[in-house]
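*Asks:* what's the 3D shape of this:
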Amino acid sequence: IIEELPSEHWVDVVEIGAGTGGTASGVLPRLLNVCAQYAFTDVSEVFLHQARHRFSEYASFMRYELLNIDADPRLQGFASHSFDLAIATNVLHATPFIRNTLRNCHRLLRQAGFLIVNELLRTSSLIQTTFGMTDGWWLFVTDPERQGQMSPLMTWEEWRKLLSQSGFSGAHCMRGRGLLMESQAIIVAQTPLRYQPYPDALGDGSHFISGGLGGLGLLTARVLV
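*Replies:* Numbers count the residues shown, from 1 in each chain. As a prediction, this is how the structure comes out:
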């Protein structure tokens, strides 16, 4: 993927739901001398604090930020289309509305940016009895895309369909051989070379935005930028 980017291009990377840093520990050594910033994100400040110490040798290009991919990243301080590469390992399925999640991933990426998803494609009795005991496993039950399923996991065909409908122009799936390896997949999706322009809903002229004392004006401004 790095080779597909323009020569001498320093990449901006965001890892979604980075957790304990298992994925980052394997990725960061391969990004030396090509990475402008690596945004290590999670919903827990505890993981960010631990990662600051674990990856201190990469401090020159590391960022540690809270990010809930369920919500619009623009409302959390992330500018639209600011990353070349987004990485998510066994985390996107654990969100309540997968279509919304994928659109938020797309919103983070620049033109021709890559989303790398490491996900299980099917459940098992062991997975159900282990993760099924947690509340987070069942966040998907109100998701119309996964209605009637017994787990939040999706097949490759379901992933491919939703990625396409979420604005990604192409997606590929890589799996190993054997019972265990076939159920785990690396999915790579790319945003289009050109984004479709949004209609000018506001029209010409000047507009005044007031959000009162709650900061809504600032949040709205971030969405519009």
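
*Asks:* from here on, just use CA atoms for contacts and neighbour counts.
*Replies:* Noted.

*Asks:* residue 187 - nearest residue in space that isn't next to it in sequence?
*Replies:* Counting by Cα to Cα, 6 or more residues apart in numbering, residue 187 lies nearest to residue 173, which is 4.5 Å off, once chain neighbours are set aside.

*Asks:* can you tell me the element that neighbour falls in?
*Replies:* strand 170-175 (DSSP states H and E).

*Asks:* quick check: mean pLDDT across that strand?
*Replies:* In this model, strand 170-175 has an average pLDDT of 91.

*Asks:* in it, what counts as buried?
*Replies:* 171, 173 (16 or more other Cα atoms under 10 Å).

*Asks:* pairing partners for the lengthiest strand in the chain, with directions?
*Replies:* Using DSSP state E, we find that the single longest strand of the chain is strand 109-120. Strand 109-120 has the following sheet partners, assigned by DSSP bridges: strand 83-89 (parallel), strand 184-190 (antiparallel).

*Asks:* mind checking which of those strands is nearest residue 75?
*Replies:* Residue 75 lies closest, by Cα to Cα, to one member of the strands paired with strand 109-120: strand 83-89, at 16.4 Å.

*Asks:* for the protein, what helix or strand is lowest in average pLDDT?
*Replies:* In the chain, the helix or strand scored least confidently by mean pLDDT, DSSP states H and E is helix 216-224, which has a mean of 61.

*Asks:* shaky segments in the chain?
*Replies:* Along the chain, the model assigns pLDDT under 70 to residues 4-7, 178-182, 195-225.

*Asks:* make it 90
*Replies:* Low-confidence segments of the chain (pLDDT under 90): 1-9, 32-33, 120-141, 148, 150-151, 170, 175-184, 193-225.

*Asks:* looks to me like residue 75 is in a strand.
*Replies:* No. Secondary structure of residue 75, determined by DSSP: H, G, I helix; E, B strand; the rest coil: helix, with no strand assignment.

*Asks:* tell me the spacing between it and residue 107.
*Replies:* As defined by Cα to Cα, to the nearest Å, residue 75 lies at a distance of 12 Å from residue 107.

*Asks:* which of those two has more neighbours?
*Replies:* More crowded of residue 75 and residue 107, by other Cα atoms under 10 Å: residue 107, with 21 against 16.

*Asks:* so that one touches residue 84, yeah?
*Replies:* No. Using Cα atoms under 8 Å, residue 107 is not in contact with residue 84; the gap is 11.3 Å.
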